[in-house]
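Visitor: sequence and predicted structure below; questions after.
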Amino acid sequence: MTTTTDGPAVEVRGLQKRYGDKRAVDGLDLRVEHGEIVAVLGPNGAGKTTTVEILEGFRRADAGHVRVLGEDPASAGRAWRSRLGVVLQSTDDLAEATVRELVHHFATFYPAPRDPDGVIDAVGLGAKAGARARQLSGGQRRRLDVALGVVGDPQLLFLDEPTTGFDPEARLEFWGLVERLRDEGTTILLTTHYLDEAERLADRVVVVASGRVVAEGTPAGLGGRAARQARVRWTADGTVHEEVTDAPTAVVGRLAAQLGEVPGLQVLRPTLEDVYLDLIGGARADAAATAPTGAPAGVPTHLLEVTR
Ligand SMILES: Nc1ncnc2c1ncn2[C@@H]1O[C@H](COP(=O)(O)OP(=O)(O)OP(=O)(O)O)[C@@H](O)[C@H]1O
């Protein structure tokens, strides 16, 4: 069995995929190091699923260099596949089987699986182990999908919008599970529309629009987020005041010296969502070759509108 760990877990350069006239993926570059969690963000139709399906070996690229765990997914064999975990939403055919039966059955496909009962507990389905798949709620069903994706103890796990349909408590539990997998050395490529999920889990986020990467970085540093100006807001004489500043601590210190306890004090920094929407808006504007918005550099336009 090939167990190449030299080089990155995922290496993609110049990936292209068309559907008829539609360029779904248009020169995409991506690199995921071993042990990282990378979140791929992007609007509907950006090309995320197409890219992930090529990496999983389910779709053929038209052009570009693709290596996943050291091999080309288009020609890699069963040994390679057994090192991947793919969370599919395809247990419909198996709806009559119980959770326990399914997870134990999937474990037999892999050379060195995790303990199936331990996996069932880890995804929070211990109390439902005897239930049939068709009897599970949407969120419980998704946990079962995740259990089936991780029972093979994969080196690289693909999670495509894993917490869609989860209630808030289930999401928190699931995030804990993903963090434990990372701590155990699993490399994870995650696609999500939840920016709080990316912020909590990802070492790096990659923003895709119109089939190519428009930005990447740590959640804290994406799009120059860490360096963007803060807004200090407070209330005085019944009016909300606001100051945009590079040095919010100094502003707060000045206000405290003037006012003592500062009424309604808030220090607002751009959220990951602010930066993301800004990047996506920028990418759309570039694509449409429209005029710039006229916003000051580094300040998301919708934030200006809200706080004006
Ligand atoms: N099998 C297909 N045949 C034709 N066009 C397709 C096919 N699959 C995807 N597309 C098109 O390719 C583009 C990229 O789709 P893709 O599913 O990769 O995007 P996505 O980023 O995963 O979107 P979402 O966030 O909605 O899941 C879209 O315009 C989509 O309509």
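Guide: Structure received.

Visitor: what does this structure put close to the ligand?
Guide: 19, 22, 24, 42, 44-50 (CB under 6 Å from any ligand atom). Any C-beta I mention is one placed from the backbone N, CA and C, and that applies to glycine too.

Visitor: need the helices for the stretch 101-250 of the chain, in chain order.
Guide: 116-122, 138-150, 168-183, 195-201, 248-259 (DSSP state H, counting those that start in this stretch).

Visitor: and the third one, which residues are buried?
Guide: Along helix 168-183, these residues count as buried under the neighbour rule (16 or more other CB atoms under 10 Å): 170-171, 173-175, 177-178, 181-182.

Visitor: ranking the helices of the stretch 101-250 of the chain by burial, who's on top?
Guide: Mean neighbour count (mean count of other CB atoms under 10 Å) peaks for helix 138-150 among the helices of the stretch 101-250 of the chain, with a mean of 22.

Visitor: output the contacting helices and strands for that one.
Guide: In terms of contacts (3 or more CB pairs under 8 Å, 6 or more residues apart in numbering; DSSP states H and E), helix 138-150 is packed against strand 84-86, helix 99-107, helix 116-122, strand 156-160, helix 168-183.

Visitor: from the ligand, how far out is the residue nearest in space to the middle of the chain?
Guide: By CA atoms, centre = their mean, the chain has its centre lying nearest to residue 39, at 3.0 Å. For residue 39, the distance to the ligand (CB to the nearest ligand atom, to the nearest Å) stands at 13 Å.

Visitor: tell me the secondary structure for that residue?
Guide: Using DSSP: H, G, I helix; E, B strand; the rest coil, the structure places residue 39 in strand.

Visitor: same question for residue 59.
Guide: Once three-state DSSP is applied, residue 59 turns out coil.

Visitor: with residue 274 instead?
Guide: Following three-state DSSP, we place residue 274 in the helix state.

Visitor: want to throw the helices of the stretch 101-250 of the chain into TSV with mean pLDDT?
Guide: Shown next, in TSV, are the helices of the stretch 101-250 of the chain (pLDDT from 0 to 100):
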stretch	mean pLDDT
helix 116-122	92
helix 138-150	87
helix 168-183	88
helix 195-201	93
helix 248-259	93
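
Visitor: JSON lines for those, including distance to residue 218?
Guide: Shown next, in JSON lines, are the helices of the stretch 101-250 of the chain (distance: least, CB to CB, whole Å):
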{"stretch": "helix 116-122", "distance to residue 218": "27"}
{"stretch": "helix 138-150", "distance to residue 218": "25"}
{"stretch": "helix 168-183", "distance to residue 218": "15"}
{"stretch": "helix 195-201", "distance to residue 218": "10"}
{"stretch": "helix 248-259", "distance to residue 218": "21"}
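
Visitor: ok, for residue 203, nearest residue in space, not its chain neighbours?
Guide: residue 36 (4.8 Å; CB to CB, 6 or more residues apart in numbering).

Visitor: isn't that neighbour right next to residue 201, touching?
Guide: No - in this structure, residue 36 is not within contact of residue 201 by CB atoms under 8 Å, at 10.8 Å.

Visitor: how many other residues sit next to residue 109?
Guide: For residue 109, the count of nearby residues is 13 (other CB atoms under 10 Å).

Visitor: phi, psi for it please.
Guide: Per-residue torsions, residue 109: phi -80, psi -10 (degrees, to the nearest 10).

Visitor: may I have stretch 106-124 as CSV, with CA atoms only?
Guide: The C-alpha trace of stretch 106-124 is given here as CSV (Å, rounded to 0.1, in the frame of the first residue of the first chain):
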residue,chain,number,x,y,z
PHE,A,106,-18.6,0.4,6.6
ALA,A,107,-15.7,-0.4,8.9
THR,A,108,-15.2,-3.7,7.1
PHE,A,109,-14.2,-1.7,3.9
TYR,A,110,-11.0,-0.4,5.5
PRO,A,111,-7.8,-2.0,6.5
ALA,A,112,-7.4,-0.3,9.9
PRO,A,113,-10.8,1.1,10.9
ARG,A,114,-11.7,2.9,14.1
ASP,A,115,-13.8,1.1,16.7
PRO,A,116,-17.3,1.5,15.2
ASP,A,117,-19.1,1.8,18.6
GLY,A,118,-16.6,4.5,19.6
VAL,A,119,-17.3,6.4,16.4
ILE,A,120,-21.1,6.1,17.0
ASP,A,121,-20.6,7.6,20.5
ALA,A,122,-18.2,10.3,19.2
VAL,A,123,-20.8,11.6,16.7
GLY,A,124,-23.4,11.6,19.5
